[in-house]
Structures are given as C-alpha cells and as structure tokens.
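# Next input, structure requested:
(one chain, ligands or ions: 1)
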Amino acid sequence: MKRILRLLRRPLLVQGALLCLLLALSAAAFWFATTRATRLAEAGIRNAAGETLRLQAETIVSQLDKHRFVPVVLARRREVLNLVSGSPLQPQDPGLRSVLEDTSWLSGSLDIAVAGSDGRILAGVTGLITEQIADSPGLAIPPSQGRLGRSSVKLTNGKRAYGFSSSIRPGGRQHAGSVIVLAPIESIERAWTLSGKPVFATDSRQEIVARDLQAIEFSNDEGLMAMLHPASLASEIEKGGERYALFTRIINPAGWRLHVLENLRPIGEAWSQAALISLLGSALLMVAAMGLANRWLNRIRQIRLERANAIRLERTVRERTRELSHANERLRHTQRELVQAGKLAGLGQMSAALSHEYNQPLAAIRSYADNAAQYLKRGRVKEAEGNITRIAALTARMAAISKDLQNFARRPQERTSAVDLRGVVDGALELIAGRISESGASISVDFPDEPVQVRAGTNRLQQVVINLLTNALDAMAQPAEPGLAGQGRPGSATKGKRGKQSPPDLQITSHREGERVFLKVRDRGPGFSREVAEKMFDPFYTTKAVNQGLGLGLSISYNIIRDFGGTLTARNHPDGGAEFSIELEAWPQTGDPGIKQEAVAAQ
Ligand code: ADP
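The predicted structure follows:
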C-alpha cells in the first residue's frame, strides 16, 4: 500500500500510467461502440429487407390473385364450353369474343385465349398467347390433371408476363381444352419501384422474371447472377462504389423467389458515427482526466512545496533561536563581566573613598598627637589638651563613617510602627539646624492639618530625611550645571535678601492619597543629569569631592524606605531643582481604629 502511495507521488509515472489506462479504455470503448453500431445497423438493414420482401411479396400475390380466378370462371362459360366441344367446322359463338374481350379489359390482363386439348389456339383477344405458350409445361400439364396451371411467360416481344390456365371440361367430362390468361408483370414492377430499392424476382430456373426500375441496373451484373445460384456463398456485391447485400424470400404459390438488394452504406455510416463519437468521448475524457490528474499532481507539488517551506522555516527558526541563545549567552557573559567589573570598580571607589576618609583624620590625629607630645614635653598642657580634644573629635568622625558603613552592610529588620511624619521632619530640621543656618537657605514645611502617620521606624526615617535635606543643601551650595533645569542656586541668599515673593529654597511638603502618604523634598539646586539619575541610588556613587561624601546616603535611604514597604524616587522638577519623593503606607489604614501610636516625644 505504502509502495503504491509512493509511486502515486511520482508525477511522470502517474501521468504515463493514466495515459496508458485511458488509451486502453478508449480502444475498448472504440471497439465496443463500432461493433455495436455495426450490429445494430446490420440488424436494421435485415429488418428493413425483411419488411420490404414481405410487402413486395404481398403485392405480387395480390396482383396475381386478381387474375387467378379469371380462367376458372371463363372455363365454365357456355360460350367457351361450346367452342371446345363444337366441331371445328361449327361457327364460333358470336358472344364468345365479347366475353373474352370484356373480361380481359375488366381484369386488366394482357391476353385471354382458349386452347384446345392439343394446344391449338381456338380463340384469343390480342394474339399474345401463342401455341407455344399454351403448350408450355407449366400451363398445359396442370389443367389436364385438373389443377390450375401457372407459369411465367416470355413473350415474343421479349416482355415477361405471368400466365394462369384452367381446364375446360364440357359436361364435367374429359379435359377438352384450357382457358389461358396472361397477367401483366409490369404493374407488379411498378409497385415495387415505390420501395426505392432494387427488388426483383427469379423463377425456379434462376431467371429474372420481374424487377423494378432500380433492379434493371443489376440485371446484367455478373456478380449478382453468380450470387443467385443456390451454390453461391457470396452475400454481397459491389456496384458503383457501393456495397449491397442480397436478401431473398420464397413466394408461394408462384414458386418465385423475391430478392431485394440492401445498400450497406448505413453500416459504414453507423461505424463512422460510432467511431467519431467514441473518439470524441475519449478525447474529452482524456482531457478531463489529464486535467484532473494535473490538478491533483499540482496539489501534491504544492503540498510538497509547503512542507519543504515549513521545514526550511523550522530550520531557519532553529538556527535563529540558536544564534539568539548564543547572543544571549554572550550578553549574559558580558553582563557577568560587567557586573564583576562594576563590583571591582565599586570596591575600588569604596577603598579610595574609605582610605581618604580615614587617612585624612588619621594623618591629622597623628600630627595632633605628635604636637601634643611636644606640648607636654614643654609643659604646655593647655595646647596639649586642645590637641587631644581635636583628636577625640576626629575619632568621633571616623566612628560616624564606620557606623554609616555598618548601616549599609547590615539591614536591621526592626519592626515598623505608626510614625508621626511631621514629628520626624521637625526632628530632622532641628538636628541640622546649624547647617541650615550656615547655608542661609530658606525652608518651607507644608503639611495637612490633620496628623499624618505612616508605617516606618522613627530613627531610620529621620536618617533618610536628614540625608535628603543635607543633599539638597549640598546641591544648592554648588554652582549651577549648564543645560540642567535648575534655576541656579540661591548661594548664601537669605530670607531677607530674596524678598517675600521668592519661593523658599527648600520645600518640604506632604499629602495623603488614599492609603499612601507622600513626603517631598524639593530644592532650588541645579538638579541632576541623566547619567547621575541612573546611578545616584547606587552605593558609593557620588559626584561630590573626595572628602565630602561616601556616596552611600541615597543607597541606604532607598533601602530603608523599601524596608518600610515604600518607595524613594527622584526627578528634576519642571520648574527647576531636584525633587525627592518618599511614598509610604499610611498608618492606620482606613477603617482600622486600633491605633498603635509611637510618641514622637519618646525619641
Ligand atoms: P553623597 O551625598 O555622599 O554623594 P548620596 O548617595 O547621598 O551620596 O548622593 C549621591 C549623589 O546624588 C550625589 O553625589 C549627587 O550627585 C546626587 N544628588 C543627591 N541629592 C541631590 C540633589 N538634591 N540635587 C542634585 N544632585 C543630588
């Protein structure tokens, strides 16, 4: 089965096989159609011939029957009986002649004659019946035996006729003569002509006794004559390029054979028609079948093409996927390398910052300590004391740096609770009040009237706020960066200098949106560049001078706010300056009456 299916997929093979099959089918159809058509045509001709013969035979019989009884009737007429019984010297009955003439005229016979038993003609109408005719075996013998004589007759003028003879027996005694009637054959022949076919009759000696007009052409045909012979096997003759078949029927009681020649052209025509139809049919079938086969093969080709395309596409997709995964792999590798490089860079940055942060106070401590020793040696205790105080301050600064680092390294999982935001902001402002007044920046704090409580930890939140405020002060202390939206820093501008209309340098605002609380710190500094915006929350990223910042403030703040379940974001304000926004969860949540409050005063 599979093999057959595989073979069916080979277009040339399929087309070849189909063509062979169709040719074989066409040949079979051609043979069947022509044979069948020929048979039918033959049967038709046979039937037509049979019909013609039957009709024409009836014509003969009916034509001759008209004359058959005439001699029988006349033989009983007194005038005739007198004629044969009277002596030869006795004058003829004057009525006889008119009887004979009238009867001949009425019946349409050629001639009527009365012959003696010796065959001598005693009386006649036209004289066509000769002694020889009267004495012919067919007309002379049967009457002497009491039967009706009949015979075809060849007249002296070469024409043919048919004769009937009946015995004349005066007083019912012996055969004394016979009445002979000659029937014309021409009327029969004329009737045959209507059939449109060559029709003719032969007698027992195979001589043509009657024929219609068409048959005249054949009457001298040797082939036909040969065929009429009983021993002949031939059934067809050819004349004028046409073939004819001979059909025969015996006509009783005349003892003739009636023949008709049927033209065989219809057989040839039927054959050609059947051949043409079957060829046309085959051609149509072939065109249709080849068309269908072509469509089918095209469909197969198309399916193959589609399959091939699908496979190609699959392969391309696979290749692309492989290339993509390679590229991804390369990307991941590069990323890993970058991360590694970043880490190293961060580490380098950190160690540079740390070494500077620590080395500077260490160097100072060392020189202060050396000097203190010198002062003590010289007994200048007061100066030594001053140096030791400075040393203590420096170590305190170093401790603060160390604490920052600790905070960064370890994220304490302290509990969160309700924190009064206003209290936290006020506390922070208090703590950096010195720095604020030093910078001369004006500050506005704008809070809703009702208390704003958030989920947080007081100290950590305050640390974040302080970081944002000090960053803002730092930013405003810098000269404005070109191309940034900042409107320039106020510098040492004081409230007095700026006038009442000038907006404050630092705006601290808070508002609540549903369950979220926002705290925004906006400055009038230069804002930040895109590059800074991308990196400012990274640990150890700073744009400040080496001993000014570690670059940990925003990173720590970001993580603290995230620990509270909030977010810390930064943007350049459209009207200039940077704006940092802390978003926190409101506490208590709406519909939560059980408030667990942490007193701000407790800090
Ligand atoms: P540090 O203050 O030690 O530099 P931070 O993490 O607090 O570290 O800040 C990182 C950087 O973010 C700063 O160096 C500065 O470039 C930028 N930055 C922070 N706050 C502001 C601000 N208000 N205006 C402009 N730039 C800011």
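# Only C-alpha atoms from now on, for both contacts and neighbour counts.
OK.
# which SSE is the closest residue to the ligand within the stretch 301-450 of the chain in?
Ranked by Cα to the nearest ligand atom, the top residue of the stretch 301-450 of the chain for proximity to the ligand is residue 353, at 10.0 Å. Residue 353 belongs to helix 265-377 when elements are defined using DSSP states H and E.
# and the chain, which residues reach the ligand?
Selection of the chain residues close to the ligand by Cα under 6 Å from any ligand atom yields 471-472, 475, 525, 527-528, 536-537, 541-544, 549-555, 578.
# Select from the residues you listed every entry located in helices.
Assigned to helices by DSSP state H, the following of the residues of the chain next to the ligand qualify: 471-472, 475, 553-555.
# Taking the residues you listed together, which two end up most distant?
Longest distance between any two of those is 17.1 Å, between 475 and 555; criterion Cα to Cα.
# rewinding a little: using neighbour counts, trim the residues of the chain next to the ligand to the buried set.
Of the members of these, the ones counted as buried by neighbours, 16 or more other Cα atoms under 10 Å, are 471-472, 475, 525, 527-528, 536-537, 541-542, 549-555, 578.
# Now do the buried residues in the helix or strand encompassing residue 461.
For residue 461, the enclosing helix or strand under DSSP H and E is helix 458-477. Using 16+ other Cα under 10 Å as the burial criterion, the residues of helix 458-477 that qualify are 458, 460-473, 475-477.
# coming back round to it: what about the residue of the stretch 301-450 of the chain closest to the ligand, neighbour count?
20 (other Cα atoms under 10 Å).
# That one contacts residue 550, correct?
Yes. Using Cα atoms under 8 Å, residue 353 makes contact with residue 550 at a distance of 6.2 Å.
# what about the helix holding residue 461, distance to the chain center?
The chain centre lies 74 Å from the centre of helix 458-477; the measure is Cα atoms, centre = their mean, to the nearest Å.
# Run through who's touching it.
Contact partners of helix 458-477, identified using Cα atoms under 8 Å, 6 or more residues apart in numbering, comprise 419, 424-425, 427-429, 432, 436, 439, 441, 488-491, 506, 521-527, 553-554, 557, 560-561, 578, 580, 603.
# For residue 208, which non-adjacent residue is spatially closest?
Computed as Cα to Cα, 6 or more residues apart in numbering, the closest residue to residue 208 that is not its neighbour in sequence is residue 202, at 4.3 Å.
# tell me the contacts of the one you found?
Residue 202 sits next to 208-210, 256-259 when contact means Cα under 8 Å, 6+ apart.
# one more time with 7 Å, if that's ok
Taking Cα atoms under 7 Å, 6 or more residues apart in numbering as the definition of contact, the neighbours of residue 202 are 208-209, 256-258.
# go on, residue 368?
387, 391.
# go on, residue 512?
If you count contacts by Cα under 7 Å, 6+ apart, residue 512 has them with residue 518.
# Likewise for residue 125?
Under the criterion of Cα under 7 Å, 6+ apart, the contact list for residue 125 reads 100-101, 111-113.
# try 6 Å this time
101, 111-112 (Cα atoms under 6 Å, 6 or more residues apart in numbering).
# Out of those, which comes closest to the ligand?
The ligand lies nearest to residue 111 out of those, by Cα to the nearest ligand atom, at 158.9 Å.
# So which of the contacts of residue 125 is surrounded by the most neighbours?
Most crowded among these, counting by other Cα under 10 Å, is residue 112 at 29 neighbours.
# sec struct for that residue, please.
When classified by DSSP: H, G, I helix; E, B strand; the rest coil, residue 112 comes out as strand.
# Quick check: next helix or strand after the helix holding residue 353?
In the C-terminal direction from helix 265-377 (assignment by DSSP H and E), the next one is helix 381-409.
# counting contacts, what elements does the helix or strand that that next one is followed by pack onto?
Downstream of helix 381-409, the first helix or strand assigned by DSSP H and E is strand 417-420. Using 3 or more Cα pairs under 6 Å, 6 or more residues apart in numbering; DSSP states H and E as the contact criterion, the neighbours of strand 417-420 among helices and strands are strand 453-456.
# From the opening residue of stretch 193-209 to its closing one, how far?
With Cα to Cα, to the nearest Å as the measure, stretch 193-209 spans 15 Å from end to end.
# List the buried residues for it?
Residues of stretch 193-209 classed as buried under the neighbour-count rule (16+ other Cα under 10 Å) are 193, 195, 197-203, 208-209.
# Nearest to the ligand among the residues you listed?
Distance to the ligand, by Cα to the nearest ligand atom, is smallest for residue 197 among those, at 129.7 Å.
# Any figure for the gap between the residue nearest to that closest one when sequence neighbours are not counted and the ligand?
With Cα to Cα, 6+ apart as the measure, residue 214 is the residue that lies nearest to residue 197, at 6.3 Å, once sequence neighbours are left out. Computed with Cα to the nearest ligand atom, to the nearest Å, the distance linking residue 214 and the ligand is 134 Å.
# in stretch 511-522, what's buried?
Judged by neighbour count using 16+ other Cα under 10 Å, the buried positions of stretch 511-522 are 512, 517-522.
# In JSON lines: these, plus secondary structure and distance to residue 6.
Listed next are the buried residues of stretch 511-522 as JSON lines, based on DSSP: H, G, I helix; E, B strand; the rest coil; distance: Cα to Cα, whole Å:
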{"residue": "512", "secondary structure": "strand", "distance to residue 6": "78"}
{"residue": "517", "secondary structure": "strand", "distance to residue 6": "76"}
{"residue": "518", "secondary structure": "strand", "distance to residue 6": "76"}
{"residue": "519", "secondary structure": "strand", "distance to residue 6": "79"}
{"residue": "520", "secondary structure": "strand", "distance to residue 6": "79"}
{"residue": "521", "secondary structure": "strand", "distance to residue 6": "81"}
{"residue": "522", "secondary structure": "strand", "distance to residue 6": "81"}
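# on that earlier part again, pretty sure the residue nearest to residue 197 contacts residue 198?
Yes. With contact taken as Cα atoms under 6 Å, residue 214 and residue 198 are classed as touching, separated by 4.6 Å.
# Among the contacts of helix 458-477, which are located in strands?
419, 506, 521-522, 578, 580 (DSSP state E).
# Show the contacting residues for residue 303.
Taking Cα under 6 Å, 6+ apart as the test, residue 303 contacts no residue whatsoever.
# Tell me, what's the model's pLDDT at it?
According to the per-residue confidence, residue 303 scores 92 in pLDDT.
# now, which of the ones in strands among the contacts of helix 458-477 sits nearest residue 151?
Each of those was scored against residue 151 by Cα to Cα, and residue 580 proved nearest at 151.3 Å.
# least trustworthy helix or strand in this protein by mean pLDDT?
Within the chain, confidence by mean pLDDT, DSSP states H and E is lowest for helix 495-498 among all helices and strands, at a mean of 40.
# Thanks again, I'm all set now.
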